[in-house]
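*Asks:* The following block contains a protein sequence and its predicted model.
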Amino acid sequence: MSSERSQIPSDPGASIPELRVTPDKFVTMRYAGASGDFNPIHIDDEFARSVGLPGRILHGLWTMAQVARAQTEAAGGPEHLKRLSVQFRGMGLPEQEIVVSGTVREANGSRIVIDTVAEQGGNQIIRNAEAEIEP
């Protein structure tokens, strides 16, 4: 159990603390090794460009993990995150900051639902994300 205190407000419309993270140029290599997803669009710049991408792109599940991280850090620990759903809407790139933000949609004593987005360079790469937190 985490000893951290929750930073999630219980008022609908209130914001949770933003998470800002800049993935380094090697994150796709490390994530490929950890996940087993060696799709060349994630690890080979030349291949990624040959299929019309600007270069290597982030793994979608790595980006989703940053959304989960924002929720768990704000909630005071991972034991508070009960459900997470996301819609992938864009490609994330290494070495560019990602900002994860969220707004409380509903709250009752035992449940808080947070609408969340992850943006990079003004583009929503994850949107319509919903986290359910148990305070």
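*Replies:* That came through, no problem.
*Asks:* list the contacts for the residue minimising distance to the centre of the chain?
*Replies:* Against the mean C-alpha coordinate of the chain, by C-alpha atoms, centre = their mean, the closest residue is V67 at 2.4 Å. Contacts for V67 were tallied using C-beta atoms under 8 Å, 6 or more residues apart in numbering; they are 84, 86, 100, 116, 118, 126, 129, 131. (Glycine included, C-beta is placed from N, CA and C.)
*Asks:* do the same with G90
*Replies:* 120, 123-126.
*Asks:* Number of residues surrounding A32?
*Replies:* 18 (other C-beta atoms under 10 Å).
*Asks:* three-state assignment of E73?
*Replies:* Local secondary structure at E73 is given as helix here, using DSSP: H, G, I helix; E, B strand; the rest coil.
*Asks:* thinking it is in contact with E18, fair?
*Replies:* No. No contact is recorded between E73 and E18 when judged using C-beta atoms under 8 Å, the distance being 10.4 Å.
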